[in-house]
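Chemist: missing the sequence, but the structure's below:
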């Protein structure tokens, strides 16, 4: 969430500049925005009317670059490299960071091999350096690097710009989360009721047992009283205790 | 009497002080209550005018607050009780000084910063006490705790007053003005306050009540989470329908949040969880076993004592 705060001022700044410029002058702006080290969100700039007007004109390349940075990955760029502009190293770096974010969208555990393929990195050392220095220190991802199993467990990843269709998916996820927590609440309530009823049963059972013990004690003492008065000989005791056997 | 303070001092209150004051008040109230209940019964028996006398308002309790003042920040750490003399409307001075000396030995840095009392609002008579304390501390603070429980109120019923010299009707007078404060706490304090907040009833020895209390806690926590998710859901639906303009940074945050779900679905988690579950079941089983075998043992002992064939010569025959 702090990434959003850091970006908020930058986004405002760029939006202001974009609304002031027109046409090909926006090219420089796009290059600026995509090379800036702390800016990862481009949909606000995309929404500026003067930027949208670039569609279909000669400078539509800039719009494409912006769209690529907003929604695309490094492999998208490599596929369409002939149509798009040459990217400067900062832009390349940023695009790779955004690629990591996109990958983190689908899986929580990213195997090193997949990362190396997507990012065009050949050895693990470089990959880890890239992840640590560029991604984690920038604060866009948080997670654990597992070298033994060669994977990267993502705990938190900053959000990328939304594609138009993603909103529906998000709403779906939220509603299923809501349903799960509702069910959980109901089952917890049932458990509480169960615990209470069980303790009630237990108390009743204990009480019953105690009552029966009291009854038996009383009946025993009565019997002893009635038998013990006539004879206190061993014969008598034996008879009285024999009576107890039943 | 209470406008907002202009002295520029920032007050920091430790929760220990609040717990102390409320504890003092509760003790006094509970000690006072049974005697007055008997007294009220006597009153009714003698045919007093009121049909049922309402419980008398509990008396106010008084005490002193101590702490540290660094520059413009006043931090109130602790408090102790004082004796109030209703005849002279003042606090017992010698007792205060004795207590102050004792506390100085243990906490050399703490000074008397002011005093506390309970009630719903500051009153005129409080000004006497306030002035009396002014020779110890030039500008004492007055901490007031409102003991009446108000469920609608969201924040603490504690107010801190300072005294200021205002000119009213041409006469400079000291009046109380409210000041704002923040709650400040140390780790150790937080643990103990948390503990006090989660006190279970003392005979909660039965497992069921403890389980029920624990589950109730979890239930309320999840209910809060549920309501927050509902708000987000509603918001996103409205955004989709177009009632609200899309706010991209919020959407990005929500998407990154949703990506953290499902939080516990990896295979490793299932393994660990099942292992722990099995361990718990096994231990419960073992405990049950031990219980059963000890009960059985007792039964056999009683049996043997009751129907022992070896101890008495010519005794009874074995039980058929």
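Modeler: Nice, thanks for sending it over. Being a predicted model, the structure only gives us computed values, none of them experimental. Numbering: from 1, shown residues only, chains lettered A, B, ... in the order given.

Chemist: other SSEs contacting the longest helix along chain A?
Modeler: Secondary structure assigned by DSSP state H gives helix A:166-228 as the longest helix of chain A. Applying 3 or more CB pairs under 8 Å, 6 or more residues apart in numbering or on different chains; DSSP states H and E, one finds that helix A:166-228 contacts helix A:234-245, helix B:207-241, helix B:248-259. (Each C-beta comes from the backbone N, C-alpha and C, glycine too.)

Chemist: pLDDT weak spots in chain A?
Modeler: A:1, A:23-24, A:56-58, A:228-246 (pLDDT under 70).

Chemist: hang on, the earlier thing: save the helices and strands packed on helix A:166-228 as CSV, and put in distance to residue B:13 too.
Modeler: What follows is these, written out as CSV (distance: least, CB to CB, whole Å):
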stretch, distance to residue B:13
helix A:234-245, 72
helix B:207-241, 26
helix B:248-259, 34
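
Chemist: could you tell me the least trusted of these?
Modeler: For these, mean pLDDT drops lowest on helix A:234-245, to a mean of 49.

Chemist: sorry, back to before: ok and the longest helix of chain A relative to helix B:207-241, angle-wise?
Modeler: 160 degrees (axes from the mean of the first three to the mean of the last three CA atoms, to 10 degrees).

Chemist: so the residue of the stretch 1-150 of chain B found nearest chain A: helix, strand or coil?
Modeler: Proximity of the stretch 1-150 of chain B to chain A (CB to the nearest CB) peaks at residue B:149, 25.3 Å away. Three-state assignment for residue B:149 (DSSP: H, G, I helix; E, B strand; the rest coil): coil.

Chemist: count of neighbours near it?
Modeler: As a burial measure, residue B:149 scores 7 neighbours (other CB atoms under 10 Å in any protein chain shown).

Chemist: any stretches of the stretch 101-250 of chain B with poor pLDDT?
Modeler: In the stretch 101-250 of chain B (pLDDT under 70), the answer is B:151-152, B:154, B:199-207.

Chemist: quick one: whatever residue of it ends up closest to chain A and residue A:199, what's the gap?
Modeler: Residue of the stretch 101-250 of chain B nearest chain A, by CB to the nearest CB: residue B:208 (3.2 Å). Applying CB to CB, to the nearest Å, the value for residue B:208 to residue A:199 is 3 Å.

Chemist: what does chain B put close to chain A?
Modeler: Within chain B, the positions adjacent to chain A are B:206-209, B:211-212, B:215-216, B:218-219, B:222-223, B:225-226, B:229-230, B:232-233, B:236-237, B:239-240, B:248-249, B:251-256, B:258-261, B:266, B:314-316, B:319 by CB under 8 Å from any CB of the partner chain.

Chemist: buried ones among those residues?
Modeler: Buried subset of those (neighbour count, 16 or more other CB atoms under 10 Å in any protein chain shown): B:208-209, B:211-212, B:215, B:219, B:226, B:229, B:232-233, B:236, B:239, B:248-249, B:251-256, B:258-259, B:316.

Chemist: ok, back up a step: quick check: phi and psi at the residue of the stretch 1-150 of chain B closest to chain A.
Modeler: Note on residue B:149: its backbone torsions stand at phi -90, psi 120 [degrees, to the nearest 10].

Chemist: residue B:111 now?
Modeler: phi -120, psi 160.

Chemist: what about it, neighbour count?
Modeler: Neighbour tally, residue B:111, other CB under 10 Å: 15.

Chemist: just the terminal-to-terminal distance for stretch A:140-153.
Modeler: End-to-end distance for stretch A:140-153, by CA to CA, to the nearest Å: 14 Å.

Chemist: contact partners of it?
Modeler: A:3, A:40, A:97, A:100-101, A:104, A:108-113, A:115, A:124, A:128, A:131-132, A:135-136, A:154-158 (CB atoms under 8 Å, 6 or more residues apart in numbering or on different chains).

Chemist: so how far is it off the chain centroid?
Modeler: On the basis of CA atoms, centre = their mean, to the nearest Å, stretch A:140-153 sits 16 Å off its chain's mean C-alpha point.

Chemist: same check, this time on stretch A:112-120
Modeler: With CA atoms, centre = their mean, you get 23 Å for stretch A:112-120.

Chemist: cool, stretch B:258-267 as well?
Modeler: 36 Å.

Chemist: compute the first-to-last residue distance for that stretch.
Modeler: 20 Å.

Chemist: just stretch A:156-170 next, same as before
Modeler: Using CA to CA, the end-to-end distance of stretch A:156-170 comes to 17 Å.

Chemist: would you mark the buried spots in it?
Modeler: Quick answer for stretch A:156-170 (16+ other CB under 10 Å): A:157, A:158, A:159, A:160, A:161, A:162, A:166, A:167, A:170.

Chemist: show me what contacts the fourth one?
Modeler: Going back to what we said before, that points to residue A:160. A:40, A:41, A:70, A:71, A:98, A:101, A:102, A:105, B:252, B:255.

Chemist: switch to 10 Å and redo it
Modeler: A:40-43, A:69-73, A:98-99, A:101-102, A:104-105, A:140, A:166, B:252, B:255-256 (CB atoms under 10 Å, 6 or more residues apart in numbering or on different chains).

Chemist: for it, helix, strand, or coil?
Modeler: Under three-state DSSP, residue A:160 falls in the coil class.

Chemist: against residue A:176, how distant is it?
Modeler: Taken as CB to CB, the span from residue A:160 to residue A:176 is 22 Å.

Chemist: same check on residue A:199?
Modeler: Taking CB to CB, one finds residue A:199 at 35 Å from residue A:176.

Chemist: neighbour count winner among the two?
Modeler: Higher neighbour count among residue A:199 and residue A:176: residue A:199, with 16 against 12, using other CB under 10 Å.

Chemist: my read: that one touches residue A:192, true?
Modeler: No - applying CB atoms under 10 Å, one finds residue A:199 not in contact with residue A:192, separated by 11.0 Å.

Chemist: quick one, helices of chain B?
Modeler: Assigned by DSSP H, the helices in chain B fall at B:15-45, B:93-106, B:126-133, B:187-197, B:207-241, B:248-259, B:267-306.

Chemist: so stretch A:80-100, near chain B or not?
Modeler: No - on the criterion CB under 10 Å from any CB of the partner chain, stretch A:80-100 is out of touch with chain B, staying 12.2 Å away.

Chemist: please state the offset of that stretch from the chain centre?
Modeler: Here stretch A:80-100 shows a centroid-to-chain-centroid distance of 29 Å under the convention CA atoms, centre = their mean.

Chemist: brilliant, that's me finished.
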